[in-house]
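Asks: Kindly return the folded structure for what I paste below:
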Amino acid sequence: PPNGAQPYVKKASGFDFNFGLRIQVNNPNVIGATFSMIKAVAYYPGHQNPIGGGNLTNVNIPSKQNTTINFPFSINYDASIDPGFSILLDIATKCGLTGGPKSKLEIDYTLTLSFNVLFIPLSPSFQKTANIDCPI
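Replies: Okay, the predicted model is just below:
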């Protein structure tokens, strides 16, 4: 995980998985881009409460270059948002903790990009799904 965070942190009613998502950006344009903030909010599929996310400030994407961004991201499980333990059971199953094979965790997220165009602040949002390896 970036920023010296521990990969796994146990809490009284849950846990955190902290990791970095390596995002490869290819900018073939003659103009670079600078984002004042890139923010992601994660949701477990079928659930409305956020289960993690991350943000990064002052991200510069140079023109005509490939850039790798190490985006800090965390999954924050708390039993209070999972009354039937369906999220926990799904994570345990997909991480192979219930005896089956490991599979990828599906995470829905909303990505918000903040930047200025001609001194006008813009913050478009996109909804996406990521499939990540179980961090256990």
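
Asks: G100: neighbouring residues, count only.
Replies: By other CB atoms under 10 Å, the residues close to G100 number 11. Yep, even glycine has a C-beta here, placed from its N, CA and C like the rest.

Asks: Please apply the same query to N49.
Replies: When neighbours are defined as other CB under 10 Å, N49 has 11 of them.

Asks: Low-confidence bits of the chain, can you list those?
Replies: Under the criterion of pLDDT under 70, none of the chain is flagged as low confidence.

Asks: in it, which spans are strands?
Replies: Chain-ordered strands for the chain, with DSSP state E as the definition, fall at 8-11, 14-27, 33-43, 50-61, 65-78, 105-117, 120-122, 125-132.

Asks: In TSV: those, plus mean neighbour count and distance to K94.
Replies: Compiled in TSV, these are given as follows (neighbours: other CB atoms under 10 Å; distance: least, CB to CB, whole Å):
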stretch	mean neighbour count	distance to K94
strand 8-11	11	16
strand 14-27	15	13
strand 33-43	17	15
strand 50-61	16	14
strand 65-78	16	12
strand 105-117	16	5
strand 120-122	8	36
strand 125-132	11	10
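
Asks: Indicate which one of the ones you listed is closest to G84.
Replies: When those are ranked by distance to G84, counting by CB to CB, first place goes to strand 65-78 at 13.7 Å.

Asks: Same list (the strands of the chain) but as TSV, adding distance to I91.
Replies: As requested, the strands of the chain are exported to TSV (distance: least, CB to CB, whole Å):
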stretch	distance to I91
strand 8-11	12
strand 14-27	9
strand 33-43	13
strand 50-61	10
strand 65-78	7
strand 105-117	7
strand 120-122	35
strand 125-132	11
